[in-house]
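K.L.:
Just need the structure, nothing else, for what follows:
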Amino acid sequence: MGDKLCSDQIFDLYRNLIDKASGIQFSSANRVIFESKLRELLRIRKMTPMEYYRYLQHDSEEVKFFLDTLTTNLTSFFRNQSNWDSLIYEIIPDLMKKVGQQREIRIWSAGCSTGEEAYTLAMVFERTLQPGYTYKIIACDLSLKSLHTASEGLYAFDKTEKDVPPDFLNEFFDREADGYRVKPLIKNHIVFNYHNLMNPMHSGHFDLIVCRNVLIYFDKESFLKVIRQFYNDSMPYAYLILGHSETLFNLNTGFHLRKGKYGCYYVKEGILS
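P.N.:
Alright, predicted model coming up:
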């Protein structure tokens, strides 16, 4: 095996387990990253690769911890400005017309990581919605560690000062000794929950779903399963924003590409067969 921690057979067992549990694909090219993280887990658990694999078969909470350790969460406030411009100038004005003031606009931040995307959504909606309109954001992720950070809402000085425009920073954050903390003004509009995208959400009727740079790790079957669940959990006119590397081109999903002035996004139209 050389420097490999696992035999090829054991590596395939883990790959299948991860795929079945989360839809995430670990290719051979990512094997070094996988084994470096697994090695630390084995040190903590004092097990061999095969012993730990068998342990995972009988402990669902340990599977959560295992997936939490494996997943990498890279995000930032106002990441990919074109998405936010599309929201401000095209999507939110249309949602105000379609939803009206009779109920809150419901948004799903799927794969929210450490919360920056969800809080950016809240800041944009807070600034853009006209008086009388309100909103709620359900922000979910597979990583319990990331969700803890998101729920705390405290971010380092360099992260916030670099990525958040000064006027947004002043309006929506309080400066503390260890960084900037999100104000209740927007935090109270967000609910952070653990959720595996391979499982149904069971709280549908979303007007907007944002899932960026998450599905690039999924195989085609798992990708389509998640998109179908987005379809089932959304309103007939719903919007879907994916990452720039993710596309529904040539796929029968019920979502249709719309090329706006500021960027591309998807709109739910018609009936999914």
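
K.L.:
Could you tell me the average pLDDT over stretch 88-102, please?
P.N.:
Stretch 88-102 shows an average pLDDT of 94 in the prediction.

K.L.:
Can you give me the end-to-end span of that stretch?
P.N.:
21 Å (Cα to Cα, to the nearest Å).

K.L.:
Can you list phi and psi of the closest residue to residue 96 other than its chain neighbours for me?
P.N.:
Counting by Cβ to Cβ, 6 or more residues apart in numbering, the nearest residue to residue 96 once its immediate chain neighbours are dropped is residue 133, at 5.8 Å. In this view, the C-beta of every residue, glycine as well, is placed from N, C-alpha and C. Backbone torsions for residue 133, taken as degrees, to the nearest 10, come to phi -100, psi 150.

K.L.:
What of the one 5 residues further on?
P.N.:
Dihedral pair for residue 138: phi -100, psi 120, per degrees, to the nearest 10.

K.L.:
quick one on the thing from earlier: what about the residue nearest to residue 96, distance to residue 11?
P.N.:
Counting by Cβ to Cβ, to the nearest Å, the separation of residue 133 from residue 11 is 51 Å.

K.L.:
Count the residues that sit near the residue nearest to residue 96.
P.N.:
Neighbour count of residue 133, defined by other Cβ atoms under 10 Å: 17.

K.L.:
again, but for residue 178
P.N.:
For residue 178, the neighbour count with other Cβ under 10 Å is 10.

K.L.:
Do I have it right that it meets residue 154?
P.N.:
Yes: between residue 178 and residue 154 there is a contact at 6.5 Å, judged by Cβ atoms under 8 Å.

K.L.:
Give me the below-cutoff pLDDT ranges for the stretch 1-150 of the chain.
P.N.:
1-3, 23, 25, 27, 29, 71-74 (pLDDT under 70).

K.L.:
so where do the strands sit in it?
P.N.:
With DSSP state E, counting those that start in this stretch, the ranges of strands along the stretch 1-150 of the chain come out as 105-110, 135-141.

K.L.:
Reformat the ones you listed as TSV; add distance to residue 217 and mean neighbour count.
P.N.:
Formatted as TSV, the strands of the stretch 1-150 of the chain follow (distance: least, Cβ to Cβ, whole Å; neighbours: other Cβ atoms under 10 Å):
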stretch	distance to residue 217	mean neighbour count
strand 105-110	13	25
strand 135-141	13	23
